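Student: sequence and predicted structure below; questions after.
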Amino acid sequence: MAVIKNGANGTLSGKAGSVVFVTNGNTTYARGLPKKSRKKPSADQIQSRSRFSLIQKFISPMLDLIRVGFKGYNPNKKAYSNAMSYNLNNAIEKTATGYAINYENFRISKGGPNPVSSHTFQVDKETETFTLFWEYDANIAAQYGINSSSCRLLLYNPDECAFTNHSMNTLAQRTQTVKLQRQQHIGNYHIYVFFHRTYGSDECTDSKYLGTFEW
């Protein structure tokens, strides 16, 4: 059943007979219901589905940050669609057995240049915390007005475990701490950081890949 959102002048969503209404950003589309095909998928279709499934699974635990980091990348599309599209084109590499994520090319946000020029980090097992320290390019920060932008930090394990910061320091403070919790396994966590202008704007920097640590 199709539903009209926000009254008579709102957008349609859902199925009406043989037509489905889909809203992506500010645009609503009407399309026919897909017909089941008895044809076997081609090699290209199988590869495309494999790549799509890989990225979809990878970003699932980090959707809250994706919705922030890709919100302004293409305002006409939802952040999730932006993130899927960008990373499908830039963050997948062919391997001998299929496809894999290129962690350095993967992005959790897209925007202005990331000003971080160098970094160190500390893992404290007693307090169960991860602390990142950084230096940054003051010229980039001044040009884009991001000295007061908030730090968003992601610590991500391929087994779909993710940590992020709840309190947010600014770029100018040069440090951010994340509270960790013990999981049922020990493994490597990939580090990503970006900066989000939270006051009166949703502008973000590109995320930057900072390597790994073991937890």
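Tutor: Arrived safely, thanks for sending.
Student: now His190: which helix or strand?
Tutor: Using DSSP states H and E, His190 sits in strand 188-196.
Student: do the same with Asn87
Tutor: Short version, using DSSP H and E: Asn87 is in helix 79-90.
Student: got the contact list for that helix?
Tutor: With contact meaning C-beta atoms under 8 Å, 6 or more residues apart in numbering, helix 79-90 is reached by 24, 51-52, 55-56, 58-59, 63, 66-71, 73-74, 77, 102, 105-108, 110. The C-beta positions use only the backbone N, C-alpha and C, and glycine is treated the same way.
Student: chain center to it: distance?
Tutor: 8 Å (C-alpha atoms, centre = their mean, to the nearest Å).
Student: avg pLDDT for the very next helix or strand once past it?
Tutor: Next along the chain after helix 79-90, taking DSSP H and E as the criterion, comes strand 92-94. For strand 92-94, mean pLDDT is 93.
Student: which strands or helices does strand 92-94 pack on?
Tutor: On a contact count with 3 or more C-beta pairs under 8 Å, 6 or more residues apart in numbering; DSSP states H and E, strand 92-94 meets helix 43-59, strand 99-101.
Student: which of the residues in the helix or strand following the first one are classified as buried?
Tutor: Per DSSP H and E, the first helix or strand lying C-terminal to helix 43-59 is helix 63-69. When burial is assessed from 16 or more other C-beta atoms under 10 Å, helix 63-69 yields the following buried residues: 65-66, 68-69.
Student: okay, those residues in a markdown table with distance to Ala83 and pLDDT next?
Tutor: A markdown table is the format used below for the buried residues of helix 63-69 (distance: C-beta to C-beta, whole Å; pLDDT from 0 to 100):
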| residue | distance to Ala83 | pLDDT |
| --- | --- | --- |
| Leu65 | 10 | 95 |
| Ile66 | 5 | 96 |
| Val68 | 11 | 94 |
| Gly69 | 7 | 96 |
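Student: am I right that Val178 is in a strand?
Tutor: Yes: counting by DSSP: H, G, I helix; E, B strand; the rest coil, Val178 is part of a strand.
Student: residues near it, how many?
Tutor: By the criterion of other C-beta atoms under 10 Å, Val178 has 20 neighbours.
Student: let me know the pLDDT of it.
Tutor: The model reports Val178 with a pLDDT of 97.
Student: any stretches of the chain with poor pLDDT?
Tutor: 1-18, 24-27, 29, 32-37, 41-46, 184-185, 200 (pLDDT under 70).
Student: okay but Asn165 is in contact with Leu132, surely?
Tutor: No: under the criterion of C-beta atoms under 8 Å, Asn165 is not in contact with Leu132, lying 9.1 Å apart.
Student: show me whatever sits in contact with both of these two.
Tutor: 153, 176-178.
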